[in-house]
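Model the structure of this input:
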Amino acid sequence: MPKITLKKIIKALKNLALGWTPGGSFKCNICQNNVWGFTKYRDGFRVESMDALGFVNGSPETFACPRCGCHDRERHLVLFFEASKISEKFTKSKILHFAPEHHLSQWINSLSPSEYILCDLNPKSKKIEKINIEEIPYPEKHFDFVIANHVLEHVNDDFRALSEIRRVLKIGGQAILQTPFSSAITSTWSDPGIASENERLHAYGQEDHVRLYGRDIFNRFSNSGLASRKKTHTELLGNINCAPYGIGEEEPLFLFERID
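This next block holds a predicted model:
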């Protein structure tokens, strides 16, 4: 039986107040409930080095829905998918989804894709296939969409992973590759000497990240043979008041397409 701590009790009471008290000016577009606010990522913990480097990584101040638990990156992608009409294309499509977020994958599945593969390097459910993104065990030109939301910053050889993503996409198939990056540095960087969790936290923004992407991220991804179809938040959602959804307006839609 899980140990009940004071911290867990305080968290539960906070979620109860924010998510279950009638009213609220915020709106979760996943569970469709109004709430009084969203909870902070890691209770508000910040990495000062990342703040200084303009780290674009979702919206840590309005991270989780206190009602359903979905994360800001899920809410943002649903808005992106609806505004871009990608959601309409998911129906009857073949989709490969890496590290599938619980609420987002349920939402995609409700759109009735013809094939929807949930996968992870270390799956925690029998519904999720064990797949290494650097060695995808599917034939060339098999999928209409590949989704890797906040995955590539964890992958040792991202060029190999991108090459594999391109390989399994059909001509005209699209990849959604949301990835945190620094808006300040010009070039992506990593160093093999940065090995401990604490070092990676302060160098890359999280204990299990292996690099810090810079402003070259879109060219870097395009070098794999995927054409960038990037859309900014303003381009897709500029006519919507997104403040109630608790999402970060700095993050664009990382959309790429296989053209040959």
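
just the strands in the stretch 101-250 of the chain please.
For the stretch 101-250 of the chain, the strands defined by DSSP state E, counting those that start in this stretch cover 115-120, 129-130, 143-148, 169-176, 181-182, 226-228.

so which of those comes closest to Cys70?
Shortest distance between Cys70 and these, using CB to CB, is found for strand 143-148: 15.6 Å. Just so you know, the C-beta spots here come from the backbone N, C-alpha and C atoms, and that holds for glycine as well.

got the angle for that closest one vs strand 115-120?
30 degrees (axes from the mean of the first three to the mean of the last three CA atoms, to 10 degrees).

Which residues outside strand 143-148 are in contact with it?
86, 89-90, 93-100, 108, 115, 133, 161, 165, 168-170, 173-178 (CB atoms under 8 Å, 6 or more residues apart in numbering).

ok, Leu201 - how many residues close by?
18 (other CB atoms under 10 Å).

Tell me the pLDDT of the closest residue to it other than its chain neighbours.
Using CB to CB, 6 or more residues apart in numbering and skipping the chain neighbours, the partner closest in space to Leu201 is Glu207 (4.9 Å). On the pLDDT scale, Glu207 is placed at 97.

Hmm, Glu207 is touching Glu199, no?
No - at 9.1 Å, Glu207 does not count as touching Glu199 under the criterion of CB atoms under 8 Å.

picking up where we left off before, among the strands of the stretch 101-250 of the chain, which is nearest Ser190?
Among those, strand 181-182 sits nearest to Ser190 (CB to CB), with 12.4 Å.

Pairing partners for that closest one, with directions?
strand 55-56 (antiparallel) (DSSP bridges).

Residue ranges in this protein under the pLDDT threshold?
For the chain, applying pLDDT under 70 flags the ranges 1-2.

and if we set it to 90?
Within the chain, the set of residues satisfying pLDDT under 90 comprises 1-23, 43-44.

got a list of what Pro137 touches?
Ile131.

Next one: it from Leu253, what distance?
Here Pro137 is placed at a distance of 28 Å from Leu253 (CB to CB, to the nearest Å).

again with Gly205
Taking CB to CB, one finds Gly205 at 20 Å from Leu253.

Could you do Lys8 as well?
In terms of CB to CB, Lys8 sits 35 Å off from Leu253.

Can you pick out the residue with more neighbours from these two?
Leu253 (23 against 11).

ok so, going back, for Ile30, find the nearest of the strands of the stretch 101-250 of the chain.
Closest among the strands of the stretch 101-250 of the chain, using CB to CB: strand 143-148, at 15.8 Å.

quick one: strands adjacent to the closest one?
strand 94-98 (parallel), strand 169-176 (parallel).

Out of these, indicate the one that is most buried.
Stretch with highest mean neighbour count among these: strand 94-98 (a mean of 24; mean count of other CB atoms under 10 Å).

what sits up against that one?
Here strand 94-98 has contacts from 105, 108, 113-120, 131, 133, 136, 138, 142-149, 151, 168, using CB under 8 Å, 6+ apart.

ok, 7 Å please
105, 108, 113-120, 133, 142-148, 151, 168 (CB atoms under 7 Å, 6 or more residues apart in numbering).
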